[in-house]
Every structure is written in C-alpha cells, then in structure tokens.
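Q: curious how this folds, go ahead:
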Amino acid sequence: MSLLTQSRFPRLYHIFQIAVGGTVDKRRLCLEHWGARRRVLEVGCSVGNIASAFLDNPDVLYTGVDVDAGAVAYARHRFRRHPRFRFLVEDVHTLAQSAKRFDYVLFAGVFHHVSDEECVAMLRSARHLLADEEARVAVVDPVLPERGDSWFLHWFVKLEQGEYLRRETELRALLVREEGLETLNASVRFVGATPYSVPRCARFGVYELAGTASEANLQPTSEKAPR
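A: Residues are numbered from 1 along each chain as shown. Okay, the predicted model is just below:
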C-alpha cells in the first residue's frame, strides 16, 4: 500500500481513504472538541479529507497546511468553490512565526508519522497559534491495538504507513511534554473502515488541549474507555 500515496496519486488516495480508510469516522472524531469555533487550522491537511467535516458550518474559516505540494494542489482543486477554505504549502513552525491566530488547531493523523521530538515541537508551535483562552488544540491519532482487540485490528494496523505508531499511553504521555499545554480531555475511540463504520479497523486517541497560561480552572482529564 506504500505505492498509493497522497503525493503520487492524490485522487486515488482520496478515494481509498473514503472507501476503506475510516475517513467518515475520523471526521466525527475531529469535530468532538471543535465546539463550532470559527477559525480552524488543520496541520497536515493532506488532500482535504478531514476539511469536508467543516463544510456545513457557514461561519467557519478553514486553513489547511501541509508540506506536500501535490496534496495541497489537489485539496485546492476540490475546494475551489468554497472561498472560506484555503490550503497552503507550509509547516506549522513557519506559520507560528506569523501574526495569524486560530480558535481550533487540529492534528488529525499526523503524529504517528513524526518522532517524539517533532511532535513536541509541533505542539509548541500550535500553542503560539492559539487566539485566546477559549482556543483549543485537538489531536486525533491512531494508536496500537490492545491485547484483547480483534484479529482484524491487528491485521489492519500492518497497512499503516506511519513509522511512529504508539500505544495510547505513550501518545498521551507525549502530549504533556509541552509544558505550555494542558490536556483537558483524553479518550479512545474505535474507527470503522468503511463509510458505514464497519468493520472496526483501528483505535484512535482523541485529545483536547488548552494553553496553561490562561487556563486557571481546568477540569480534570477524563478518559472514556471504548466499549
């Protein structure tokens, strides 16, 4: 499956992700902590698979950034009739040096492609992009299957192209390494492969983070175990 990449075949990659890549369920997870915030930034937007989740809200101003020029070009073409959506060939570190600020910064399926050190650096840049104390960072990322999970989850994970797929506890521990952010909510969800949410193909960690400097009354982190 390594031949079917967003860079080489963005259209086929998009179709594959919709058909059997769990995209429909992933979109739901990415909206879990969104709270209808207006200025949305998706880091690692790829071909715009997740961006479609925000189309129904006319107030959203969406910005997607990715270092893959081919994927960004395809996303721009897909959303060419939606002026509220823009896609940039840029990384989060460069963007953090600008004056741009956002209400919701989303990392969807990004961290299992980068090292621990880069994850922390990306979170640090994301913190600098938060507009105010109500702004949030959301992380939605696949995690390794557990011992009691079905054979299909253990088989499906072999298709994953990310080199840094972690256990949920490892990912959660990684998120707290950026001292400027605090985890408000942490949960684990099952994702279905097809648009009908079946069969279950992967576990995903879903996390909501906020800047610590202006969050004096945070609720304790709540974890919801999957059923």
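
Q: tell me the contacts of the spatially closest residue to residue 157 that is not a sequence neighbour?
A: Distance criterion Cβ to Cβ, 6 or more residues apart in numbering; nearest residue to residue 157, sequence neighbours excluded, is residue 145 at 5.8 Å. (Each C-beta comes from the backbone N, C-alpha and C, glycine too.) Residues near residue 145 by Cβ atoms under 8 Å, 6 or more residues apart in numbering: 153, 154, 157, 202, 203.

Q: just name the lowest-scoring one in the residues you listed, pLDDT-wise.
A: Ranked by pLDDT, the contacts of residue 145 bottom out at residue 157, which scores 93.

Q: doesn't residue 149 make contact with that one?
A: No. Counting by Cβ atoms under 8 Å, residue 157 stays clear of residue 149, with 9.3 Å between them.

Q: how close does residue 105 get to residue 39?
A: 9 Å (Cβ to Cβ, to the nearest Å).

Q: quick one, which of those two is more surrounded?
A: residue 105 (30 against 18; other Cβ atoms under 10 Å).

Q: and that one, helix, strand or coil?
A: Under the three-state scheme (DSSP: H, G, I helix; E, B strand; the rest coil), residue 105 adopts strand.

Q: these two touch, right, it and residue 126?
A: Yes. Proximity of residue 105 to residue 126 meets the contact threshold set by Cβ under 8 Å, at 4.6 Å.

Q: list residues touching both of those two?
A: Shared contacts of residue 105 and residue 126 (Cβ under 8 Å, 6+ apart): 43, 137.

Q: which helix in this structure runs the most residues?
A: Using DSSP state H to define each element, the chain has its longest helix at helix 116-128.

Q: flag every buried residue along it.
A: 119, 120, 121, 122, 123, 124, 125, 126, 127, 128 (16 or more other Cβ atoms under 10 Å).
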